[in-house]
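In: Sharing a sequence plus its predicted fold:
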Amino acid sequence: MYGILEQGSTGLPPSVPFEQPKNLFRYGEQTLWSTQLHASNGASNVSLANGTYRLFTTPLGQVGQGFTNALTIGETNLKEGGRIPSGIAYDVFGVACQVGRATSTGDSALGDAISTADSIRILTEIQTNGILSWDFTQTQVDIAPVQLVGAGGGAFGSVSVTGATAQTIGNLNNGAGSVWLYRKHPVALPGNSTFSILLRYGNRMGSLLTTSDSAFVKVVLLGYYKNVIEIG
């Protein structure tokens, strides 16, 4: 005799459907990232005050978000700008934000050495004055100031500037900060839904004072996805 009959059991085998299921669900973890460039492009006194910049709108291989050349995998991994693909639900449980220096044109290199007082100033002002917000077409929800949304890694601390005005300045970026977490309620992004992240500055945000003043802000979404796999 094989198997065990529990109390209350009819002794009959459990019912089995005669048809295969029409679809299955695949679950996993995924990050999405997007980058905004603030480039001087050879100009000076480029104001960022009261500016609003929209991330997660330009997909891989297209031009936008301050870049003059097509975005590569280092700037974004979006296949479609501003929309969650059909058949996939995405829940965001964390947001990270990296602030760094770029070349004067912005399309040559991201993450240049922070070696001048001007480059240090613009990064600290982005930290202090920048605000991240969700934008769901007709609804905007503030996340937090950039200073509170850590990058989770990278260079941080102080930099010594030598020369006639030798000085040591700290708080270069928020690489040492914690990732902003939605501890109880993730942000749900259903399939086919549209979204973006707004980077906004107040009236006291500074300007790109010199032709070499350029910076970038990269926002990373950490989340879970659920994918419907049609098998029938």
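Out: Looks like it arrived, so ask away.

In: Could you list the low-confidence segments of the protein?
Out: Counting by pLDDT under 70, the low-confidence segments of the chain come to 1-25, 104-106, 115, 153-176, 228-232.

In: and if we set it to 80?
Out: 1-27, 41-44, 85-87, 103-108, 112-117, 119, 152-177, 209-213, 227-232 (pLDDT under 80).

In: Okay, strands next: where are they in it?
Out: Using DSSP state E, the strands of the chain run over 23-38, 46-47, 52-55, 88-101, 130-136, 139-145, 159-161, 167-169, 180-181, 187-189, 196-201, 207-208, 215-230.

In: of these, which approaches Ala113 most closely?
Out: Distance to Ala113, taken as CB to CB, is lowest for strand 88-101 among the strands of the chain, at 7.3 Å. The C-beta positions use only the backbone N, C-alpha and C, and glycine is treated the same way.

In: is it true that Leu78 touches Gly61?
Out: No: Leu78 lies out of contact with Gly61 (CB atoms under 8 Å); the separation is 9.8 Å.

In: Which one of the two is surrounded by more residues?
Out: Per other CB atoms under 10 Å, whichever of Leu78 and Gly61 has more neighbours is Leu78, with 20 against 12.

In: ok, for the more buried one, nearest residue in space, not its chain neighbours?
Out: Leaving aside its chain neighbours, Leu78 sits nearest to Pro59 (4.4 Å; criterion: CB to CB, 6 or more residues apart in numbering).

In: what residues are up against that neighbour?
Out: Listed by CB atoms under 8 Å, 6 or more residues apart in numbering, the contact partners of Pro59 are 71, 76, 78-81.

In: And for the closest residue to Leu208 other than its chain neighbours, the neighbour number?
Out: Excluding its sequence neighbours, the residue lying closest to Leu208 (CB to CB, 6+ apart) is Val46, at 4.0 Å. Neighbours of Val46 under the rule other CB under 10 Å: 17.

In: just checking, Val46 touches Gly66?
Out: No: at 10.9 Å, Val46 does not count as touching Gly66 under the criterion of CB under 8 Å.

In: who touches both of those two?
Out: His38.

In: on that earlier part again, nearest to Arg54 among the contacts of Pro59?
Out: The closest of the contacts of Pro59 to Arg54 turns out to be Gly81 (CB to CB; 9.8 Å).
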